[in-house]
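J.: This is a predicted model, with the sequence first.
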Amino acid sequence: EKWHQRFFGQFVWKNYFHRRAGRLLDRNPIVWLQGYSVEARLGKWGWCLLSTIVLSVTPLDLGQFTDDAMVLLVGTVLAGLAYSAARSFADEKRSGALELILVTPIRERELILGRLLGLWIGFSPTLILILFGWFAVTMWHVQFSIGNRAIEIFSGDSWVMGLLSGWVLLPVMGLSLALRMKHVLAAWFGTAFLWLLPILLMKTVDLGHLIPWWPTALVLVSRLAAVGLLGFAWLQYHPQRSGMKTLLLCVGLPPVVLLSLPYHVGWSNGVAGFQAVVLLQAAIATMLLTQLFKQLRERRFVIDGGSA
């Protein structure tokens, strides 16, 4: 305890941090619970330090911005985010605190939203730092008249869109699988697989060089599947709203969505390809989120000794 206080205790602005922690604890104790630990604080600023190092060294690589380094950085940060989400309920399940939380006046919606806000807030400094560094390097290329390279960085890099979608959707998937899986590593790998699955599926759009109609057909099927998953999740969360309205929703919504989105999609067309990928990822995350609400409401989740 003495060494812990020496290395991780607060030495400056103690009153300010105590008041801030007290306000957060009164407003949303679940958000405070997600970020109060030493591991959470070390992870929060450790990712910022790693991003600062990469963003400082990368532009010095022969005066060019290396996309591979940024893809590696974003992939590493998203992997850390997925792991944090997958282990978010681990301590509570092991200690039995989750059962105690569920019998308090805190509702399931507040519990899940608090966990998600804690994860989003914890990784938001890293997200802002990476986006700011990407924009600064792009402006550096513009200033030194490397126009083509700047345009490529600014508009063609899919890792920026992947970072934003991962920051929003990975915590949802990770929280959902954290209650389903017995081990943290299983929940972590499952989260990564579900998030990467639409990306791997859309990568097969390269078969369009061999089959002309393949890109359009694949995107249409993916969007139809995404709308179907969203409809299934809606029925799971609102089972009492069955009947003619549900039938009209399931029948009428897919054509509306398909007609409102562009049809010609290839992986080289980054915006359209990313649109289909995020649609599938959001559908999977929504379905998992509704199942998470149902699990918490029915008190069904896996602990170290079995199912509770």
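T.: Structure's in. What do you need?
J.: Output the longest helix belonging to this structure.
T.: Of all segments of type helix in the chain, defined using DSSP state H, the longest is helix 108-143.
J.: For stretch 285-299, which residues meet the burial criterion?
T.: By neighbour count, with 16 or more other Cβ atoms under 10 Å as the criterion, the buried positions of stretch 285-299 are 285, 286, 287, 288, 289, 290, 291, 292, 293, 295, 296. The C-beta positions use only the backbone N, C-alpha and C, and glycine is treated the same way.
J.: Which members of those occur in helices, if any?
T.: Counting by DSSP H, the members of the buried residues of stretch 285-299 that fall within helices are 285, 286, 287, 288, 289, 290, 291, 292, 293, 295, 296.
J.: which stretch of helix or strand covers the residue found closest to the fourth one once you drop the neighbours it is linked to in the chain?
T.: Of all residues not flanking residue 288 in the chain, residue 176 sits nearest, at 3.5 Å (Cβ to Cβ, 6 or more residues apart in numbering). Secondary-structure element containing residue 176, defined by DSSP states H and E: helix 158-180.
J.: Check residue 72 too.
T.: When elements are defined using DSSP H and E, residue 72 is found to belong to helix 67-86.
J.: Give the closest residue to residue 292 in space, chain neighbours not counted.
T.: Computed as Cβ to Cβ, 6+ apart, the closest residue to residue 292 that is not its neighbour in sequence is residue 176, at 4.4 Å.
J.: What of residue 172?
T.: What sits nearest to residue 172 in space, not counting adjacent residues and going by Cβ to Cβ, 6+ apart, is residue 285, at 4.3 Å.
J.: what sits against that neighbour?
T.: The neighbourhood of residue 285, defined by Cβ atoms under 8 Å, 6 or more residues apart in numbering, consists of 169, 172, 173, 176.
J.: what's the pLDDT at it?
T.: Residue 285 is assigned a predicted lDDT (pLDDT) of 82.
J.: Double-check residue 129 against residue 49; I have them as touching.
T.: No - under the criterion of Cβ atoms under 8 Å, residue 129 lies out of contact with residue 49, with a separation of 9.8 Å.
J.: Redo the contacts of residue 285 as a markdown table? Include pLDDT.
T.: Formatted as a markdown table, the contacts of residue 285 follow (pLDDT from 0 to 100):
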| residue | pLDDT |
| --- | --- |
| 169 | 86 |
| 172 | 87 |
| 173 | 88 |
| 176 | 85 |
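J.: tell me which of those is nearest to residue 119?
T.: Using Cβ to Cβ, residue 172 is the member of those that lies nearest residue 119, at 9.3 Å.
J.: Surely that closest one and residue 289 touch.
T.: Yes - counting by Cβ under 8 Å, a contact exists between residue 172 and residue 289, whose distance comes to 5.4 Å.
J.: so where is this structure shaky, pLDDT-wise?
T.: Low-confidence segments of the chain, defined by pLDDT under 70: 1-41, 58-68, 95-97, 137-138, 140-159, 202-276, 300-308.
J.: can you rerun that using 90?
T.: Of all residues in the chain, those with pLDDT under 90 make up the ranges 1-187, 190, 192, 194-308.
J.: burial measure for residue 109, as a count.
T.: Residue 109 has 10 neighbours, counted by other Cβ atoms under 10 Å.
J.: which non-adjacent residue is nearest it?
T.: Nearest in space to residue 109, with sequence neighbours left out and distances taken as Cβ to Cβ, 6+ apart, is residue 293 at 7.5 Å.
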